[in-house]
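Visitor: Structure here, sequence nowhere to be found:
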């Protein structure tokens, strides 16, 4: 096994030209508490090729990338770089071996210049240890000329557009003279013209013999830029193909090809009147022109890839980020939902996507977490909380939802993810909503709790509650929904009835 | 699901969270306080040959001098629990002291600030002081809630400006000759009674009312509080208004006690108030804290000052040690939180 420094010397001397594969990863396994993220996955990257990775959210692409970039260490498996067995222990390690990752969420320092960002930790110094800014600028300009990037090296990163920041990230990766570049959905924030520019850069890099790992959700990009494609599903590798040999439908089938093994206890209930009617709802920059009706007793699934605007629609419906135009009517009465309070008065409840960020009060007790929403207009007399009544109610919820906690005074921080989720569900059930918006109601929780939550959602619908359920999990969407609405890049691409809904159909609508 | 509680289903042991036998977190800080007093007691017998504790006059002075800081600490603690901070409380004491004193001068005093407004019923200066404090608090809260600038900056600005108002009000001249009926507020045990009453009222408010639940919720997670339907902006304004009101009350008590209004009064009080809160277990990251802790923290600051004076320790050393105690309290707080997070 080579040390990173030796490897760098070897690399710079060009002594190992051979090896057809830049990178060979075999039988990699990676488990997180409760999840097997990667199950015996193998992956190979050829010199001068673009290798696309595809799969649904949570299929394991990002985990594999992070292993290749040295961010995670695999539990087992082998890792060969140009035929040499290596082991990465940190992202810096990976960089020294010539592996650079361009993150989806950009990691630039906003208040520093482009040049400072690119050469951070490697600034050219003079004899006194001061940074030679002129030299740094010159090197940056040379780099940009090579890649045909028209950004001022002296500009501050915060003044750059997202696309230009992306270019700076790529230039930074190239500046390490890396052989392997990992790009995680690089086009998610780019316009068509910017994408063309990016592809031009990628082709230049290919011609220089670099290998590029390219994660994407977009089919058209796959066929335009990739040489090979590997498909992942549920942490497993399902196949590698030449991009020229496969069709779009093949890929979709590979991505979703799993059988629905879990049973979803969806009860068939009569669908009632319209509870929520949304017309031309728009939040500038996030989503446009969303129109749909949600009926009493109906579960409307909302599918789409991450970043398609699903969660934004939910937040706007609940008044977290009020709409810029369009109308929302509850039971036929149009209301301007300016803040969550208004939405709650109209009978809505909203289980947010991110439990820790916008759901739980981690330091507070289970009781405080459960009762907070109901205290807005109930169980308070002259400002004083009617503790005994609220506590009894919370106790009842705790029992019926089977929240596993020693008692209600336990900080919610100490509960498992599934139990935290149940606490949040209890918070909203106590308000007796007539419209329930659920954003990823079962994300990151164990199978048992999942089934319980599914059963609960179904029961609520049977009682006439109108449910809007966002989910990235195809089986959940298909198993639970009466209808499925699909979004892509801020637009609604279709509403599919339960009987017509298939994974392929939804995936098609979601990736257009 | 029914809204009716079902008490029969609940085992008595689970019936009340409040009744749970878990040692209150104030106990350790109370132990520190008692330990300190005992330490001074021992050192007293060794170095000055007398008792520290068995001297009612000393204890009275000790508590009296901290009462004003205690009153503002009640407000400051609440802003900290809500995830904010209030640096303006000391300056507001100075500002409201001047305004209240100017309306509390004796009848017929010819050199009064407002010669036409002497000998007023003490309700007027009290109302004016409280109102000015409330107004300053409203400005603090409004800035924080509506412009979203950090509470540190908003109240720092208020700290500087309010001190400016206090100096400008009489060009730095003290305001003396206050009515006896006004001075009563600061006489005897009144400052301590006011402090403890205020602390008790807000302790109950934090613990048992919706106001309190919302304050903790916003401090623990403002985004989740908003999604739970809480009008976060309005609540922030209310809490800062109450903090300002308490600063006004402290200014009134201060002038009544000194029987004069001085523009320089209250300098550095805001830091003592924050220190009292932090020593008492309030977390600067919000969501955690209790007023009982703040009361004990205030007393600890008093014990330190009083104890060192009693031992004839140089005032400069006193400051150095006081600083170390505050830092020790914050370090312990950080440590406690880290341990809790790693559970």
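Guide: Here it is on my side, so go on. Predicted, not measured: the structure shown is a model, and the values here were computed from it. Numbering: from 1, shown residues only, chains lettered A, B, ... in the order given.
Visitor: Who are the contact partners of residue 317?
Guide: You didn't say which chain, so I picked chain A. A:276, A:278, A:281, A:328, A:337, A:343, A:348, A:350, A:437, A:468 (CB atoms under 8 Å, 6 or more residues apart in numbering or on different chains). The C-beta positions use only the backbone N, C-alpha and C, and glycine is treated the same way.
Visitor: wrong one, I was asking about chain B
Guide: Listed by CB under 8 Å, 6+ apart, the contact partners of residue B:317 are residue B:308.
Visitor: chain center to the host helix or strand of it: distance?
Guide: Applying DSSP states H and E as the criterion places residue B:317 in helix B:315-341. In terms of CA atoms, centre = their mean, to the nearest Å, the centre of helix B:315-341 is set 18 Å apart from its chain centre.
Visitor: Buried residues in it, which are they?
Guide: By neighbour count, with 16 or more other CB atoms under 10 Å in any protein chain shown as the criterion, the buried positions of helix B:315-341 are B:318, B:322, B:326, B:329, B:332-333.
Visitor: repeat for stretch A:422-434
Guide: A:422-431, A:433-434.
Visitor: mind listing the strands for the stretch 101-250 of chain A?
Guide: Counting by DSSP state E, counting those that start in this stretch, the segments of the stretch 101-250 of chain A that form strands are A:180-184, A:211-215, A:228-233, A:236-242.
Visitor: average pLDDT for the first one?
Guide: Per-residue pLDDT values over strand A:180-184 give a mean of 89.
Visitor: And the second one, by the same measure?
Guide: Summarised as a single mean, pLDDT over strand A:211-215 is 92.
Visitor: Mind listing the strands that strand pairs with, and their directions?
Guide: As defined by DSSP bridges, the strand partners of strand A:211-215 come to strand A:50-54 (parallel), strand A:180-184 (parallel).
Visitor: again, but for the longest one
Guide: According to DSSP bridges, the neighbouring strands of strand A:236-242, each with its direction, are strand A:228-233 (antiparallel).
Visitor: contacting residues around the strand it pairs with?
Guide: The contact list for strand A:228-233 (CB under 8 Å, 6+ apart) reads A:41, A:43, A:46, A:49-56, A:59-61, A:64, A:222, A:237-243, A:246, A:251, A:254-258.
Visitor: Now list the buried members of the residues you listed.
Guide: Here, 16+ other CB under 10 Å leaves A:41, A:43, A:49-56, A:59-61, A:64, A:222, A:237-238, A:241, A:243, A:246, A:251, A:254-256 buried among the contacts of strand A:228-233.
Visitor: For the residue most central in space within chain B, pull up the helix or strand it's in.
Guide: Taking CA atoms, centre = their mean, the centroid of chain B lies closest to residue B:73, which sits 1.3 Å from it. Taking DSSP H and E as the criterion, residue B:73 maps to helix B:56-81.
Visitor: OK, contacts around residue B:75?
Guide: So residue B:75 contacts B:86, B:89, B:242-247, B:273 (CB under 8 Å, 6+ apart).
Visitor: Can you give me the pLDDT of it?
Guide: Model confidence at residue B:75 (pLDDT) stands at 97.
Visitor: Burial check on the residue nearest to it when sequence neighbours are not counted, number of neighbours?
Guide: Excluding the flanking residues, the one nearest residue B:75 by CB to CB, 6 or more residues apart in numbering or on different chains is residue B:243, at 3.3 Å. Neighbourhood size, residue B:243 [other CB atoms under 10 Å in any protein chain shown]: 32.
Visitor: again, but for residue A:83
Guide: Residue A:83 is flanked by 12 other residues according to other CB under 10 Å.
Visitor: related to what we said a few turns ago, okay if I get the buried residues of stretch A:422-434 as a markdown table plus pLDDT, secondary structure and distance to residue A:77?
Guide: Shown next, in a markdown table, are the buried residues of stretch A:422-434 (pLDDT from 0 to 100; DSSP: H, G, I helix; E, B strand; the rest coil; distance: CB to CB, whole Å):
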| residue | pLDDT | secondary structure | distance to residue A:77 |
| --- | --- | --- | --- |
| A:422 | 91 | helix | 36 |
| A:423 | 93 | helix | 38 |
| A:424 | 94 | helix | 37 |
| A:425 | 93 | helix | 38 |
| A:426 | 94 | helix | 42 |
| A:427 | 94 | helix | 42 |
| A:428 | 94 | helix | 43 |
| A:429 | 93 | helix | 44 |
| A:430 | 93 | coil | 48 |
| A:431 | 93 | coil | 48 |
| A:433 | 94 | coil | 47 |
| A:434 | 95 | coil | 51 |
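Visitor: Out of the contacts of residue B:75, grab the one that's most surrounded.
Guide: residue B:247 (38 neighbours).
Visitor: Tell me which helix or strand that one sits in.
Guide: helix B:232-258.
Visitor: tell me what that helix is packed against?
Guide: For helix B:232-258, the packing partners by 3 or more CB pairs under 8 Å, 6 or more residues apart in numbering or on different chains; DSSP states H and E come out as helix B:56-81, helix B:89-102, helix B:123-147, helix B:180-183, helix B:190-208, helix B:210-220, helix B:222-227.
Visitor: from these, which stretch is densest packed?
Guide: Using mean count of other CB atoms under 10 Å in any protein chain shown, the stretch among the helices and strands packed on helix B:232-258 with the greatest mean number of neighbours is helix B:89-102 (a mean of 31).
Visitor: tell me the mean pLDDT over it?
Guide: Taken as a whole, helix B:89-102 has an average pLDDT of 95.
Visitor: ranges for the helices of the stretch 351-500 of chain A?
Guide: Using DSSP state H, counting those that start in this stretch, the helices assigned to the stretch 351-500 of chain A run over residues A:366-371, A:387-400, A:417-429, A:447-462, A:474-480.
Visitor: one step back: residues contacting the residue nearest to residue B:75?
Guide: Contacts of residue B:243 (CB under 8 Å, 6+ apart): B:72, B:75-76, B:78-79, B:86, B:89, B:137, B:140.
Visitor: how about the residues of the stretch 201-343 of chain B near chain A?
Guide: By CB under 8 Å from any CB of the partner chain, the part of the stretch 201-343 of chain B that sits against chain A consists of B:205, B:208-211, B:213-214, B:216-217, B:220-221, B:223-231, B:287-288, B:340-341, B:343.
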